[in-house]
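**Student:** Pasting the sequence and the predicted coordinates here, then a few questions.
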Amino acid sequence: MTLDEVLAGLFPTGHAVQSGPYGTICGTGRIEGAGDCDVIGIVDGTPLSIDGALVLAGHVLDVVAKGGKGTLMVLVDTSSQNMARRDELLGLNEFLAHLSKCFALAATEGVFTLGVLYGHAMAGAFISTALSTQVLAALPGAFPSVMDLPSISRVTKLPIETLTELAKTTPIFAPGLDPLYATGAVTEKWDMANLQSQLKGAIARRPAGTADGRDVIGLERKGRLQARAIAQKVIAEAAAHA
C-alpha cells in the first residue's frame, strides 16, 4: 500500500500534503463536511532519525501554536529509529522523547491526535509517533512491533523458543497487528473500503480531554489483564496522599 493510495482514501475530496526532509510529510487534508485536518508523518519505511524527530516535533508545535481544537493526523510507515552512531551519540532517545512530549502537549491543548499506521513501525520510532497519539488506527498490512522476539530474548535472557510459545497466548510478547490490537495499543482496525467514513467516526469518538482508555480496551480484549487494576490502585494511592 502506497502513501498516495492512503491519502486518496482518507481525503477523496483533496489534500495538500507534501514531502519534507528525512522521510517526513506535512500538510492538510480535507474532510467533507468537517473542514481540514493537519497531517504529518514519517513515511516510505524511513528510519526515524534525530533530524526527522525534530522536524515532526516542530510541526506538532506549529499546530499547537495556531490554536484550535482540531485533528492532527500522524501517518506512520517507518522501519524503526535510525540506528546510526551519530544519532546515538547525539542522544537519539532524548529526541524521540521530545517528540512524544510534543504529542502529549498537543492533547493537553485540546488537539485530537490520531495515528494511522499503514506500514511497518518498530521500537522507538513506533513509540514516539504512533503510540504517542491518543487513538491509533491500523490499515490492512500494517505491522507494528515494540520489540521483536530475538531482541526480547537478548534483554530477558529467555530462550527464543520459550518466547515463541509465550507469544502464542500472551499478546504482550508478540509483535504484529493482532497482538497489539489485543493489548489496546492499536485502538482501531480500518479497512480500505471507505477510509474517510472511518476517519469521521474516529473524530466523532475522540476521547474527552487527555483521557487514555487503552488499559480498559486491553482488559476488554483480554490482551492486558492487569494494567487497569494497577492504574486504578496507583490513582487511589495518589489521591489518598494528596
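**Tutor:** Nice, thanks for sending it over. Numbers count the residues shown, from 1 in each chain.

**Student:** Touching stretch 199-219 from outside, list them.
**Tutor:** Under the contact criterion Cβ atoms under 8 Å, 6 or more residues apart in numbering, stretch 199-219 has outside partners 10, 31, 34, 37, 71, 73, 104, 107-108, 112, 114, 134-135, 137, 182-185, 187-188, 224-225, 227-228, 231. In this view, the C-beta of every residue, glycine as well, is placed from N, C-alpha and C.

**Student:** Stretch 42-60: how far from the chain's middle?
**Tutor:** 13 Å (Cα atoms, centre = their mean, to the nearest Å).

**Student:** Then stretch 114-125?
**Tutor:** Relative to where its chain is centred, stretch 114-125 has its mean C-alpha point 6 Å off (Cα atoms, centre = their mean).

**Student:** Kindly export it (C-alpha atoms) in PDB.
**Tutor:** What follows is stretch 114-125, C-alpha atoms only, in PDB (Å, rounded to 0.1, in the frame of the first residue of the first chain):
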ATOM      1  CA  LEU A 114      -4.800  10.400  15.600                       C
ATOM      2  CA  GLY A 115      -2.200   8.000  14.400                       C
ATOM      3  CA  VAL A 116      -2.800   6.000  11.200                       C
ATOM      4  CA  LEU A 117      -0.300   3.100  10.800                       C
ATOM      5  CA  TYR A 118      -0.300   1.800   7.200                       C
ATOM      6  CA  GLY A 119       3.200   0.100   7.000                       C
ATOM      7  CA  HIS A 120       5.800  -1.000   9.400                       C
ATOM      8  CA  ALA A 121       6.700   0.600  12.700                       C
ATOM      9  CA  MET A 122       9.100  -0.700  15.300                       C
ATOM     10  CA  ALA A 123      10.800   0.200  18.600                       C
ATOM     11  CA  GLY A 124      11.400   3.800  19.500                       C
ATOM     12  CA  ALA A 125      10.100   5.100  16.200                       C
END
